[in-house]
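K.L.:
no sequence for this one, just the structure:
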């Protein structure tokens, strides 16, 4: 069973965190939401209070198969400032484990220097930290990494992650069950 961690920080975009978590859990993936704030209650950019499954300091991420970052300006800055998280992202990426980010959060990868020679996308206006990696695509898949452009593709971001771990057939079934193909 794949172990997936999605990180929450004050100022995260609600739909960019919760839509992918919903899709992944429907697919049967083992997803843990992790607060980097030192408390389980995390406040989204839209004022929605979300109770994370765990605190970063409680997690041993050595078992991680995937690390996922939702966007949001304030959330991204909090994620980017979290040294333990950056170290885990660098380790996971160097081991070829799956990493993903949406909206402003791909800036974290860019600031870490792990986008060099790769394709990535992000929310318009955040592309400076992506450098020559920026493609302006809605969703960009490059090896062990998926990036996405913003809230409007949150479900597609979740489906792309599910496809990476479970295949296109599972995504087709989910899309049908969730009424995306109407």
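P.N.:
Happy to help now that I have it. For clarity, every value in this text was computed on a predicted model and none was experimentally measured.
K.L.:
ranges for the helices of the protein?
P.N.:
Ranges of helices in the chain, per DSSP state H, are 14-26, 73-80, 83-94, 106-112, 154-166, 168-177.
K.L.:
and the ones you listed as a markdown table, adding mean neighbour count, distance to residue 37 and mean pLDDT?
P.N.:
Yep, even glycine has a C-beta here, placed from its N, CA and C like the rest. As requested, these are exported to a markdown table (neighbours: other CB atoms under 10 Å; distance: least, CB to CB, whole Å; pLDDT from 0 to 100):
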| stretch | mean neighbour count | distance to residue 37 | mean pLDDT |
| --- | --- | --- | --- |
| helix 14-26 | 22 | 13 | 98 |
| helix 73-80 | 22 | 7 | 97 |
| helix 83-94 | 16 | 11 | 97 |
| helix 106-112 | 23 | 16 | 98 |
| helix 154-166 | 22 | 21 | 98 |
| helix 168-177 | 14 | 30 | 97 |
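K.L.:
Let's have these in JSON lines, adding distance to residue 127.
P.N.:
Output for the helices of the chain, formatted as JSON lines (distance: least, CB to CB, whole Å):
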{"stretch": "helix 14-26", "distance to residue 127": "17"}
{"stretch": "helix 73-80", "distance to residue 127": "13"}
{"stretch": "helix 83-94", "distance to residue 127": "19"}
{"stretch": "helix 106-112", "distance to residue 127": "9"}
{"stretch": "helix 154-166", "distance to residue 127": "17"}
{"stretch": "helix 168-177", "distance to residue 127": "28"}
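K.L.:
closest one to residue 142 among these?
P.N.:
With distances scored as CB to CB, the stretch of these nearest to residue 142 is helix 106-112 (10.6 Å).
K.L.:
so how far is the closest one from its chain's centroid?
P.N.:
When C-alpha coordinates are averaged (CA atoms, centre = their mean, to the nearest Å), helix 106-112 and its chain have centres 12 Å apart.
K.L.:
now do stretch 123-134
P.N.:
Chain-centre distance of stretch 123-134: 16 Å, with CA atoms, centre = their mean.
K.L.:
For it, buried residues please.
P.N.:
For stretch 123-134, burial by neighbour count (16 or more other CB atoms under 10 Å) applies to 123, 126, 127, 129, 130, 133, 134.
K.L.:
Now that stretch: average pLDDT?
P.N.:
Mean pLDDT, stretch 123-134: 95.
K.L.:
now do the same end-to-end measure for it.
P.N.:
Start-to-end span of stretch 123-134 (CA to CA, to the nearest Å) is 10 Å.
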